[in-house]
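Trainee: curious how this folds, go ahead:
(chains A and B)
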Amino acid sequence: MSGTVVVVGSANVDLVVDVPRHPAGGETILGGDLRRTPGGKGANQAVAAARAGGATTTFVGALGRDESGELLLASLDGAGVRTDTVERVDAPTGTALITVSPDGENAIVVAPGANSRVRVGAAQARRIAAADVVLAQLEIPLSTVTAAARERREGALFVLNAAPSRDLPEALWEQVDVLVVNEHEAGDLAGSGVEAGAPEALAAALLERVPAVVVTLGAVGSLVARRGLEPVRVPAAEVAVVDTTGAGDTYCGVLAAALARSGIAGLAAAARLAGAAGALAVTRPGAQDAVPDAADVVALAEHLLVEKN
Amino acid sequence: MSYTFDPLVPRPIDRPTEVAVGPLTTEASEALDQAKIFSGPADPADRPAWRETLRAWRSDARERHGYTGAAYERPEAAWAAGCSTVAQVWLWDELLYSFAEGRFTPEVFLADAEERFGGLDAVVLWHAYPVIGLDDRNQWDYYRDVPGLAALVATFHEAGMHVFVDYNPWDVGTRRGADDLTELAAVVGELGADGVFLDTLKKAEPELVARLEAARPGIVLEGESKLPVERIEDHSSSWAQFFADSPVPGVLRAHWYERRHMQHHVRRWHRDHTEELQSAWLNGVGVMVWEVVFGVWVGWSRRDAATVRRLVTVQRAARDLLLDGEWTPLAPLAPEAEAAGVYASAWELDGVTLWTLVNRGGADYAGEVLDDGTEAVVPARGIAALLDVGPDAEEPAWLPGLRDVLRDLPHDADARFPHRIARRVGVSDAQVTPVTYTSDTSEPSDRSELGSDAVVVPAGDYVLTVRYRARETGMYQGAPYVDEWKPLPPRLHDARTLQRDGVLTTPVAVAEREVTNAQFAAFLEATGYAPAQPHRFLAHWSDGRPAAGTEDEPVTFVDLDDARAYCAWRGGRLPMEDEWQLAGEAAPSHFGVERPGVGVWSWTESEHSDGRTRFVMLKGGSDYRAPDSDWYVEGGRHAPDYSVKLLLPGLGLARGATVGFRCAWEVSA
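Mentor: The predicted structure is shown next:
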């Protein structure tokens, strides 16, 4: 596999203001300076697949014809993501309004805007059909996610990062080759019958519906499970934590990039690379700005000597 | 298929040899004797038969050549089998020698080698080429005349390294001493050398082998070109220089024949060493780390240096597996790994198996490497290792220590060539050797003398064509060859030109004649000048005076700093090389080949350094010419437009019988 990834998903501009406290109803608060940064799960994961994963990466998304759209395009281009399949639509660019209090607690309002208009047209379908891996999340219409998955060629992998938590239609479940979830998302999807706090049990339940699942466990690493194989715990690297915002998306992007080169057989090794990338991402502030370079990911992930048993 | 020359493509003789599987005929077996590398088969299904054919060839060849392996049983020579990394180092490399302090700095060289390459196993101390031939000193003189050289060798020994000296068999045109056998054996003994590098040779004659063994039991010989199979018997090492590998990496013929025979991959002009390193890793051999090729910087990228560190660390630990284990080249791997360009050798001993893995691809590989699902990450164009301690095997004693060391040896993906720029070492910022002047210095500034014996070059813009001969030294900047396979005449040693342009901000007067012995004697008497490093200073004088009858001949046996001191005393300086040429083209009767008197080269104020090599441009040529080899400095007198790049030796060895100097003065308008 040559290492081609298409990410289908959302792109948001994050408008961030530090506030002394979150305002109550009817109240006006003076905050700090406004920061505008590129974000959105889909865009973040595309940046990660390209910069940290070293994959030829295309982003399929929708942006408004506004300054925020320009900001997001520039960020994707700067990371080496191909953006010719991004559509400019007559809706505002997706925007997240974020206030951050001194204790780091966020209050967020998301206006999906253009993200509601993401679609798989002929151009997008052609690009998806050429991909080794199609990666998507759940911040765009589910019908679009399902359509994207269907356009992939035989042998290509559909990786679904089932975030934020939502119920999935049967048509989408049927398309998933690799499901990537954190523990909370895994619990939501596995249903109330599964014991909480047991990633292996959650994974086993999810394997009833998908052939492979990766459960990310934060500082502990991740659990990689495939039907018919023993689940594998992939430990995380120990790093000094600065900002966890971008870690999950960095993980997903790099996982997709590595799978695009190694195929499903390399899922556990791909998770190792992804874990290294996520670990590096938490050492820096921001989301897209925190995405590490591929060389640093490999240096952290690989070990010259691998011991069997 | 006819061969079309392209310097960036391996020559036919560099290419690996295909191995026909099937019954091995005598003819086929003898043909394989000529291989450098046995090509690896593209189809995995062919590999078992390929390995069997290689084993059959080895048995047959050993029998045909009456192989005994006795040389490898010598305990004093056992180090060679574990000598993974050898650096070729010019004695006056600025990492090994400080021009400012006038002493060898092995501690600096060793620290750099440790940090960047994980330490070196041996060095070849390079001594004569490319400066030999400037005068009649022979290759033995260039070792014996170096103050403190035996102590330097001892320092390397104390650091756990072995030392090769270099033998130049083509040096037959300089001062003759005893025959080469006698001289080389003597130098080996005097310096305590462990090995001899056979420059331009594939092998040494049996008589030389015997003499060297007598001089230093266990002597290790390493030839530059492909070592004939029959001489693996008595040569413990050889270069794998310009050995191209097959797309599916193959097996080094000499090392396959005798596992204790060490080979060192080297492609001296390449900036990407990954193919050499991967072949070394798969074969269990080493590389020559050669960063300064006869004064030209060919530094190793961070990626390739990191790969050396990792390679040698594992090889040193697991040497018993590499030497005594069952070696399976192109060991079976998972199909996905093969498809991605990952290949491996397997080495098994006493139930412990080591796989040495390489990734030929341009993308990092993360996935299954063995069919049983074992996974690894193999960096793009990098290496990895897999170790299996079998259920009934003991964990190797070296494993815990290796685990610890490898934690601090990450892959470095930075493959950029680390360029260096040669910069002129100006008089104003050079650390000029301190001189002693008497308090009653008298400084002649007789303008009439200047006017009568100097050629004035006017101020203004100038453009010059400079002629030179293409040697491996290059000229001012950069390498003469980049990524080239072996340059041969006429790409080497042919006549070239370069253009220089500049501005003279003031007119410059360049002396019509070299400074004479008498003039230099007057300088000494007036100033009491004594160089910081006296070795070879005015060696042609006796009792502190020029020999009778030579008073008006050019003074020689002076180095750049000696010349600078004299010119400063005269209120002048050395001429820049361009000023020398401008004056020479204006007054060829005083500077050209027909100039009167004894012909000697001129020092110029053109000293440069790129941080590793000091060099200066010499002008004028001399009456001396070393005959019979193109490797010598091109002697004889030269026209003013001719320049020779001279790598500067230290510790007084820059002083020679054929180099003098002229002074220059800046003329006020």
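
Trainee: what's the neighbour count on residue 295?
Mentor: Unless you meant another one, I'm taking chain A. 20 (other C-beta atoms under 10 Å in any protein chain shown). Just so you know, the C-beta spots here come from the backbone N, C-alpha and C atoms, and that holds for glycine as well.

Trainee: wrong chain, I was asking about chain B
Mentor: 24.

Trainee: how far away is it from residue B:128?
Mentor: Shown here: residue B:295 relative to residue B:128, a distance of 13 Å by C-beta to C-beta, to the nearest Å.

Trainee: likewise for residue B:307?
Mentor: As judged by C-beta to C-beta, residue B:307 and residue B:128 stand 32 Å apart.

Trainee: quick one: contacts for residue 227?
Mentor: Let's take chain A. Residues near residue A:227 by C-beta atoms under 8 Å, 6 or more residues apart in numbering or on different chains: A:207, A:211, A:212.

Trainee: correction: the question concerned chain B.
Mentor: With C-beta under 8 Å, 6+ apart as the criterion, the residues that contact residue B:227 are B:202, B:203, B:235, B:238, B:254.

Trainee: chain A contacts on chain B?
Mentor: Proximity of chain B to chain A (C-beta under 8 Å from any C-beta of the partner chain) is limited to residues B:310, B:313-314, B:334, B:336, B:340, B:363-368, B:373-380, B:383-389, B:402-403, B:406, B:409-414.

Trainee: ranking the contacts of residue B:227 by neighbours, who comes first?
Mentor: residue B:238 (27 neighbours).

Trainee: that one against residue B:266, yeah?
Mentor: No: shown here, residue B:238 and residue B:266 do not form a contact pair, counting by C-beta atoms under 8 Å, at 10.7 Å.

Trainee: quick one: low-confidence parts of chain B?
Mentor: In the predicted model, chain B carries pLDDT under 70 at residues B:1-2, B:426-452, B:669.

Trainee: follow-up on the earlier one: which one's more surrounded, residue B:307 and residue B:128?
Mentor: Set side by side, residue B:307 and residue B:128 show unequal neighbour counts under other C-beta under 10 Å, the larger going to residue B:307 at 30 against 23.

Trainee: ranges for the strands of the stretch 101-250 of chain A?
Mentor: Residue ranges of the strands in the stretch 101-250 of chain A, as given by DSSP state E, counting those that start in this stretch, are A:106-111, A:133-136, A:157-161, A:178-182, A:212-216, A:221-226, A:232-235.

Trainee: do the same with the stretch 351-500 of chain B
Mentor: All strands of the stretch 351-500 of chain B, identified by DSSP E, counting those that start in this stretch, fall at B:352-359, B:365-368, B:375-378, B:383-389, B:423-424, B:454-457, B:460-469, B:495-504.

Trainee: what sits against the closest residue in space to residue A:266 that isn't next to it in sequence?
Mentor: With C-beta to C-beta, 6 or more residues apart in numbering or on different chains as the criterion, residue A:266 has its nearest non-adjacent residue at 2.7 Å, and that residue is residue B:367. For residue B:367, the contacting residues are A:258, A:261-263, A:265-266, A:269-270, B:334, B:336-337, B:340, B:375, taking C-beta under 8 Å, 6+ apart as the criterion.

Trainee: and if you look at residue B:14?
Mentor: If a contact means C-beta under 8 Å, 6+ apart, then residue B:14 has B:36, B:242, B:243, B:244, B:485, B:486 as its contacts.

Trainee: please state the offset of the helix or strand harbouring residue B:265 from the chain centre?
Mentor: Using DSSP states H and E, residue B:265 sits in strand B:262-266. What separates the centre of strand B:262-266 from the centre of its chain is 14 Å, taken as C-alpha atoms, centre = their mean, to the nearest Å.

Trainee: care to break chain B down by domain?
Mentor: As recorded under automatic domain parsing, the domains making up chain B are B:12-290, B:423-666.

Trainee: in CSV: those, plus distance to residue A:44.
Mentor: Formatted as CSV, the entries for the domains of chain B read as follows, by distance: least, C-beta to C-beta, whole Å:
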stretch, distance to residue A:44
domain B:12-290, 33
domain B:423-666, 40
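
Trainee: return the most buried member of the ones you listed.
Mentor: Most buried of the domains of chain B by mean neighbour count (mean count of other C-beta atoms under 10 Å in any protein chain shown) is domain B:12-290; its value is a mean of 19.
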